[in-house]
Structure formats: structure tokens, C-alpha cells
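Enquirer: pasting the sequence and the predicted coordinates here, then a few questions.
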Amino acid sequence: MDELVAKKGKEIDSLLENKNILKAGIYIVSDIKFKEDSIYYFKLLKTIDNKPLPIFNTNPKLIINTNTGENLRIKELTKNYFILEKYKSKNIVLSVGKNQEYTPIELRFDIWIADYYRN
């Protein structure tokens, strides 16, 4: 039975190999310390399972989530690195504690990276 399943699997792989199929790699990198205008090189980042990111042939898609709910914007993105910046607003003040005084919090972020390509 195992041989039959393996044989059919190879047949299906062979058929799909010639089709124009969209493939995606999704990678999650967590708990990165934010520093304004820092260059974050993909080759230096590790996924949540401690694996290096692949070498991207095109600019990947990024989704950024911060530990404070603040918005970070992508200032620059290439296939090798990205640069983030804080969203500038005059009306937002982050406060922590009973007295509601401003307390700075170290801003950290997680990033979901998607790499789409066609077979």
C-alpha cells in the first residue's frame, strides 16, 4: 500500500510540475526591537522555529504587528532588507499605570513575511 501511495504521489507531482501554480512561503519572525530608521536585513533574521529566511528573488510582502498596538509603516522595502518608521500623529499619547502619565515602552514587533512565486 505504501508503494502505491508513493507512486501516485510522484505521478501527481509530475503533473503539477508543468502547471502554472502560485506558491507561497510564509515566514514569521517575532520579538524584534524597533529602532527608527534601522535597516533590518532578511539574512540576519530567524523565523520562530529558529531557521534562516530564504533569499528572496523579489520584494516579499510584509505584515507588521507591534506589542503596543502602535502602527509602523514600511519606509523602504527591497528583496534584501526593510526599513520601518513610526506613524506620526499629534493626537496619540501612550500611557501606562494609574496616574496616566506618559511611560515609554520598548517597542517590539513581529513580522509575517510572504514570498509568492509561480511554478
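Expert: It's in. Numbers count the residues shown, from 1 in each chain.
Enquirer: just confirm residue 27 contacts residue 62, I think it does.
Expert: No: the criterion here is CB atoms under 8 Å, and residue 27 misses it with residue 62 at 10.3 Å. Placement of C-beta: from N, CA and C, glycine included.
Enquirer: find residues that contact each of these two.
Expert: Common contact partners of residue 27 and residue 62 (CB atoms under 8 Å, 6 or more residues apart in numbering): 112, 113, 114.
Enquirer: now do the strands in this protein.
Expert: For the chain, applying DSSP state E gives strands covering 22-33, 39-41, 61-66, 72-77, 81-86, 108-118.
Enquirer: I'd like the ones you listed as JSON lines, with mean pLDDT and mean neighbour count appended.
Expert: Shown next, in JSON lines, are those (pLDDT from 0 to 100; neighbours: other CB atoms under 10 Å):
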{"stretch": "strand 22-33", "mean pLDDT": "88", "mean neighbour count": "13"}
{"stretch": "strand 39-41", "mean pLDDT": "97", "mean neighbour count": "14"}
{"stretch": "strand 61-66", "mean pLDDT": "94", "mean neighbour count": "14"}
{"stretch": "strand 72-77", "mean pLDDT": "94", "mean neighbour count": "13"}
{"stretch": "strand 81-86", "mean pLDDT": "94", "mean neighbour count": "18"}
{"stretch": "strand 108-118", "mean pLDDT": "87", "mean neighbour count": "15"}
